[in-house]
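S.K.: here are the coordinates; sequence isn't available:
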DNA sequence: TATGAATGAGTATTCATTCAT
DNA sequence: TATGAATGAATACTCATTCAT
């Protein structure tokens, strides 16, 4: 029980102070990763930023990558939570998808600094793989909604997985642009635009009406 | 003791053998970049792969990044050529866009190894910027077609730049998936799917008919 | 805020529990030292193995080396005791030497794990020096017996110190081999072999008869 | 062909200058290893001593251990050569063994600095294993001579391997003592002493006469 | 052109030890 | 006694780039 961060999966028991320190390191690391990317952030930078000794880093994290992984996990978890809250389970599929898409964009925008880490520069391939598997979950989730939309007749009857990829890809790219400040408009405008973009791409002739629905203006009770 | 690759813009005059050597290095580098990314490819790896001495690298290229830049330029040039050939200038806007999209995907698929470099891991920010400016050209091109489609009434009247981003993002993501072997289907199927995906996302109510147009099956003469 | 292990020669008064804890640490350390050597055993390893916190180590020992030293002292003490018991003071010199040799080998075999530490890898020179001085005592002891044997006429009249070195070296090497499992035979066989080997190397023409004496088969009372 | 020391077994082609530099590094390393041991010699020390840049070390050697290994190989080779020269193949077994023993001691004394490395402190277990296998060859060689001596009737009929171990161990220990300056006498005296020590330990009653033979004083022609 | 040699700044990680509680 | 947190000096190895021939 001497080396908390030692490479066994078990999380170490940390005192309150310990937890705070760890979070401190995570926060400072996130800031630096966002600013200059993972590869260009030295462990030395992180600890200097946090004002602690170098050795302490390795008390809390097995290595640089482990910290990164933890950051990713946390963020992913928050994002899923946010989406769950944004999606009205009783709404029609197209609306649910739009709600999810818009929530994603808003979340990513809010945590923009964190998300820039995900550009994955300089992270080793193995890790990249594991990150990917996280987004797979997201894709399957989306595909499920799509399948239901197809059953409802509101979404075109095409391969649900491909359609889901289309949705995810669009969201990811707009997020990327926004982060890179290549899109300068109002966030609300962008969110609305992307929402309607994907809805149109998915909708069957009948479903296209749903395009009009703005998840922000109508209370979910009015839907359906 | 001239240094051919020294940082003046002028390309050096190379003997036939010189050109071959240089291309050799470019090819081997491309292969390695594609395999393991820019950051994880050492100059030493490239020369070993090519079977020449380390010093020779710097005879042909100013530095590692210069080689990369050259690789990018070449590829971009080829891609634009290919697109120009694929797009029928007399076709309606939506069709032209679809032609461009499909040509892009096919080109990227063919030069898949090269394109993986563009994930831009570990390239320094300055270079990344320059790469971006290249894709800007592409975006503006697409936006131009879109503006014409809006004028025609076949494309929804929304911000052409945002719509262009939607198109580019979708293409880029599908290319990414394909490269990562996360999509396994027949290339033709994917190409057709993406083509129709973006067309639907762009089309106005009237333009949606264009969805039926398959750029492969109809000779361009029949369009319009 | 007393620091029990602080560098004053005086041993601290430890509670019963304290003594147990200390022994616990010594035991675990011995095991690890034997397994992977002194240099490759971390203080962290020892405390983890013993299931206590890192800080506690320094409550009982001034530092890593102090623990090692203590281990060595203890072992040496036990060994001398064992030898004293094995040697019949009334037996002729050659027999006494053989008794000592055989006792050494048996003792080392029994405490094999401990003895592997003595290979002295990675211990700092100063400590190594102190260890050496311990073995010097042993050498001198042996030389004393040898001198008596020379006086008796049973041992060749050569430099007693050199002869003693010959004895010690042989014993040490066989112990080493045994520990490294490079010798697999029965311990009794090896012990007997080494005993007769050194006796023959020492014996004068007259003394060689003593070779027949097996310290195991003849009760010491019968000797002389 | 760019990284000479790269981890493939193949030795790189080195220019004359390269070979010299490499030898230079080997020599300086040997000196430092001998002075302060392997573990306490930093790569930085070696290159500083040799007056070259740090990176150059890794041009010639894969890592610190690889250099060590090379040093060992070279030394071992020299030693075997020396022994081969010292041993008169036509002499009786006991004499040959004595010749080998004495040659070993003289060689070790001459290359004393090198030999101190072999105390193997801080070398990783895997390497230690490989070193050991080298000494096995030596042991088997010795055992062969012993077997012949047993056939001749000049050496006691005991397990030849155990007898060989006895010989090797004695030599090793005296070498150790000599290196540690714990033996100060004239080298010739020590060599003569050890030679006669092992001969006496090996000799059968009949063979003991051979003890008188001094490999230095009698020309090999007179032997037999 | 072409080679192999040389440079040296840059960085993650380890680990004995000390400290506050 | 006992714990977990904190320290920081120390060190092997990498790799783009330059140089002499």
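M.R.: It's in. Only a predicted model underlies this, so the values are computations on that prediction, with no experimental measurement involved.

S.K.: where does pLDDT dip in chain A?
M.R.: A:1-12, A:113, A:116-134, A:206-224 (pLDDT under 70).

S.K.: write out the residues of it neighbouring DNA strand E.
M.R.: A:42-44, A:54-55, A:57-58, A:63-65 (Cβ under 7 Å from any atom of the strand). All C-beta atoms are positioned from the backbone trio N, CA, C, and that covers glycine.

S.K.: return the distance of stretch A:148-159 from the chain's centre.
M.R.: 26 Å (Cα atoms, centre = their mean, to the nearest Å).

S.K.: between the two ends of that stretch, how far is it?
M.R.: 12 Å (Cα to Cα, to the nearest Å).

S.K.: how about it: buried residues?
M.R.: Burial within stretch A:148-159, assessed by neighbour count using 16 or more other Cβ atoms under 10 Å in any protein chain shown, is assigned to A:148-150, A:154-156, A:158.

S.K.: show me the contact partners of that stretch.
M.R.: Under the criterion Cβ atoms under 8 Å, 6 or more residues apart in numbering or on different chains, residues A:92-94, A:97, A:146, A:160, A:163, A:202-204, A:206-207, A:210, B:193, B:200 lie in contact with stretch A:148-159.

S.K.: between all of the residues you listed, which two are separated the most?
M.R.: Spatially, the most separated pair among these is A:92 and B:193, at 23.5 Å (Cβ to Cβ).

S.K.: ok, residue A:169 - contacts?
M.R.: B:169-170, B:172-174, B:176-177.

S.K.: tabulate the residues you listed (JSON lines), appending secondary structure.
M.R.: As requested, the contacts of residue A:169 are exported to JSON lines (DSSP: H, G, I helix; E, B strand; the rest coil):
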{"residue": "B:169", "secondary structure": "helix"}
{"residue": "B:170", "secondary structure": "helix"}
{"residue": "B:172", "secondary structure": "helix"}
{"residue": "B:173", "secondary structure": "helix"}
{"residue": "B:174", "secondary structure": "helix"}
{"residue": "B:176", "secondary structure": "helix"}
{"residue": "B:177", "secondary structure": "helix"}
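
S.K.: nearest to residue C:37 among the residues you listed?
M.R.: Closest to residue C:37, out of all of the contacts of residue A:169 and judged by Cβ to Cβ, is residue B:176, at 50.2 Å.

S.K.: show me which of the buried residues of stretch A:148-159 is closest to DNA strand F.
M.R.: residue A:158 (44.3 Å; Cβ to the nearest atom of the strand).

S.K.: show me which residues of chain A sit near chain B.
M.R.: Those residues of chain A that sit near chain B, judged by Cβ under 8 Å from any Cβ of the partner chain, are A:39, A:119-123, A:125, A:132, A:156, A:158-159, A:162-163, A:165-166, A:168-170, A:172-174, A:176-177, A:180, A:182-183, A:185, A:190, A:193-194, A:197-198, A:200-201, A:203, A:205.

S.K.: can you tell me which of these are buried?
M.R.: Using 16+ other Cβ under 10 Å, the buried members of the residues of chain A next to chain B are A:119-123, A:156, A:158, A:162-163, A:165-166, A:168-170, A:172-174, A:176-177, A:183, A:190, A:193-194, A:197-198, A:200-201, A:203.

S.K.: how's chain A carved up into domains?
M.R.: A:16-61, A:67-214 (automatic domain parsing).

S.K.: any residue of the first one up close to chain C?
M.R.: No: applying Cβ under 8 Å from any Cβ, one finds domain A:16-61 out of contact with chain C, separated by at least 10.6 Å.

S.K.: between the two ends of that domain, how far is it?
M.R.: End residues of domain A:16-61 are separated by 17 Å (Cα to Cα).

S.K.: list the buried residues in the helix or strand encompassing residue A:31.
M.R.: Per DSSP states H and E: residue A:31 is located in helix A:16-36. The neighbour-count check on helix A:16-36 (16+ other Cβ under 10 Å) flags A:21-22, A:25-26, A:28-34 as buried.

S.K.: mind giving me CSV with these and columns for distance to DNA strand F?
M.R.: Formatted as CSV, the buried residues of helix A:16-36 follow (distance: Cβ to the nearest atom of the strand, whole Å):
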residue, distance to DNA strand F
A:21, 4
A:22, 8
A:25, 9
A:26, 13
A:28, 13
A:29, 15
A:30, 18
A:31, 19
A:32, 18
A:33, 21
A:34, 24
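
S.K.: ok, so of those residues, who is nearest chain C?
M.R.: residue A:21 (16.9 Å; Cβ to the nearest Cβ).

S.K.: of the contacts of residue A:169, closest to DNA strand F?
M.R.: residue B:176 (24.7 Å).

S.K.: show me what secondary structure element comes after the helix holding residue A:31.
M.R.: helix A:43-50.

S.K.: so how far is the helix or strand following that following helix off the chain centroid?
M.R.: Next in sequence after helix A:43-50, counting helices and strands by DSSP H and E, comes helix A:54-60. Offset of helix A:54-60 from its chain centre (Cα atoms, centre = their mean): 28 Å.

S.K.: buried ones in helix A:54-60?
M.R.: Those would be A:57-60, for helix A:54-60 by 16+ other Cβ under 10 Å.
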